[in-house]
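*Asks:* Compute the structure for the input listed below.
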Amino acid sequence: MALPFDLRVLHVFITVAERAGFSRAARELHVAQSAVSQTIANLERQLGLILFHRHGRRITLTPEGKVLYTHAQDLLERATTVHLAMQELHGLVKGEVRIGIPSMLGSYYFPPLLMGFKTQYPGIRLTVVEAGARRLQRMISDGELDLGVVIDDEQSHHMERRHLLREEMVVCVPRAHPFAQRHSVTAKELFQEPLVLFQDGYFHREFVDALSRQTGLAANVAFQSNLIPLTKAIVRQGFGITTFLRRVVDEPGLAAVPFEKPEWLHLSLAWARDAYLSRAESVFVEYVIANREGL
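*Replies:* Okay, the predicted model is just below:
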């Protein structure tokens, strides 16, 4: 049975749709604009459908075009997966691993693992994306990321997971703060202080929000920042206190104080259930799990 069109035509169609123009698509594809226009015209004639509304130089997808766009994306993703799988049969020489890591883990826990993996597999390209754990979870579900570090809880149980880390969350205060001399701090005492917190979507903020719900106390948010060095500087200067994973509190001017009831965070390496993991990704997962004791 003859196929209605090939993948190259679909690639041109998707590029035109995403760039909303024939000339922009042509520049990206490194071909003449006339070639792009002719390809789309042939595709519309072959299907007997109008795929684009033309508004001068600006174009938009018709309802029929939107349907084709969805299916074309799926076909090209599947074709890419098949091509990668066939390439890898020749041996693990090349490949790419896209991994999402929350900033605290990326800065303080993962560098030795990533460098160790790169030393063992120099031909594999590592692409690291920094975002909040919940955002990473959504990116994996949407196919934007292959692997990511997520909070191991009910919201991530629909994913494939391998446990990575159990780490204590502590209160971070300047050395001159009264809490610095304490053996522990209660959640109630935490909420009586001005707080420097990450924005929504980060496990740091989710942890504090969960404490707030448990105690019925509202957080006094003095600053919001996803930048660890900035957060530390604000705390060090006495403008607020925060919570961190214990290892992050690594400066002489800061003190890590446990909660009265120790608080632990469980994090896992995760990917979409039933998703195809390339050989490079599978080897990365195996390497991380085998070396997670070093985290």
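*Asks:* Could you use CA atoms for every contact and neighbour count after this?
*Replies:* Will do.
*Asks:* where along the stretch 101-250 of the chain do the helices fall?
*Replies:* In the stretch 101-250 of the chain, the helices defined using DSSP state H, counting those that start in this stretch lie at 103-108, 111-120, 133-141, 187-190, 203-215, 228-236.
*Asks:* wait, isn't T215 in contact with A187?
*Replies:* Yes. If you go by C-alpha atoms under 8 Å, T215 and A187 touch, sitting 7.4 Å apart.
*Asks:* Please enumerate the strands of the stretch 1-150 of the chain.
*Replies:* Using DSSP state E, counting those that start in this stretch, the strands of the stretch 1-150 of the chain run over 52-55, 58-61, 95-101, 124-130, 147-151.
*Asks:* what angle sits between the last one and strand 95-101?
*Replies:* What it means is strand 147-151. 20 degrees (axes from the mean of the first three to the mean of the last three C-alpha atoms, to 10 degrees).
*Asks:* Output strand 147-151 as CSV, restricted to C-alpha atoms.
*Replies:* The C-alpha coordinates for strand 147-151 follow below in CSV (Å, rounded to 0.1, in the frame of the first residue of the first chain):
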residue,chain,number,x,y,z
LEU,A,147,14.0,12.2,32.7
GLY,A,148,13.7,14.4,35.8
VAL,A,149,14.0,14.5,39.6
VAL,A,150,10.6,14.7,41.2
ILE,A,151,9.1,14.5,44.7
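*Asks:* Centre of the chain to it, how far?
*Replies:* Put simply, strand 147-151 sits 8 Å off its chain's centre (C-alpha atoms, centre = their mean, to the nearest Å).
*Asks:* tell me which residues of that strand are tucked away?
*Replies:* Residues of strand 147-151 classed as buried by neighbour count (16 or more other C-alpha atoms under 10 Å): L147, G148, V149, V150, I151.
*Asks:* residues near R162, how many?
*Replies:* By other C-alpha atoms under 10 Å, the residues close to R162 number 17.
*Asks:* so who does it touch?
*Replies:* Applying C-alpha atoms under 8 Å, 6 or more residues apart in numbering to R162 gives the contacts S268, L269, A270, I289.
*Asks:* Reformat those as a markdown table; add pLDDT and neighbour count.
*Replies:* Shown next, in a markdown table, are the contacts of R162 (pLDDT from 0 to 100; neighbours: other C-alpha atoms under 10 Å):
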| residue | pLDDT | neighbour count |
| --- | --- | --- |
| S268 | 88 | 20 |
| L269 | 89 | 23 |
| A270 | 90 | 28 |
| I289 | 89 | 15 |
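*Asks:* Report the two of those residues separated the most.
*Replies:* A270 and I289 (11.5 Å; C-alpha to C-alpha).
*Asks:* circling back to that earlier point, would you format the strands of the stretch 1-150 of the chain as JSON lines with mean pLDDT and distance to L68 included?
*Replies:* Converted to JSON lines, the strands of the stretch 1-150 of the chain look like this (pLDDT from 0 to 100; distance: least, C-alpha to C-alpha, whole Å):
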{"stretch": "strand 52-55", "mean pLDDT": "87", "distance to L68": "11"}
{"stretch": "strand 58-61", "mean pLDDT": "87", "distance to L68": "10"}
{"stretch": "strand 95-101", "mean pLDDT": "85", "distance to L68": "28"}
{"stretch": "strand 124-130", "mean pLDDT": "87", "distance to L68": "30"}
{"stretch": "strand 147-151", "mean pLDDT": "87", "distance to L68": "28"}
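*Asks:* right, so the ones you listed: which one is the most enclosed?
*Replies:* Mean neighbours per residue, mean count of other C-alpha atoms under 10 Å, is largest over the strands of the stretch 1-150 of the chain for strand 147-151, with a mean of 27.
*Asks:* Identify, by residue count, the longest helix of the protein.
*Replies:* The longest helix of the chain (DSSP state H) is helix 63-88.
*Asks:* Check which helices and strands it sits against.
*Replies:* If contacts are counted by 3 or more C-alpha pairs under 8 Å, 6 or more residues apart in numbering; DSSP states H and E, helix 63-88 sits against helix 7-19.
*Asks:* The helix it packs on to helix 63-88, inter-axis angle?
*Replies:* 120 degrees.
*Asks:* Run the chain-centre distance for helix 7-19.
*Replies:* Here helix 7-19 is found 26 Å from its chain centre; the criterion is C-alpha atoms, centre = their mean.
*Asks:* Looks like M169 contacts W264 (just checking).
*Replies:* Yes. Between M169 and W264 a contact is recorded at 5.8 Å, counting by C-alpha under 8 Å.
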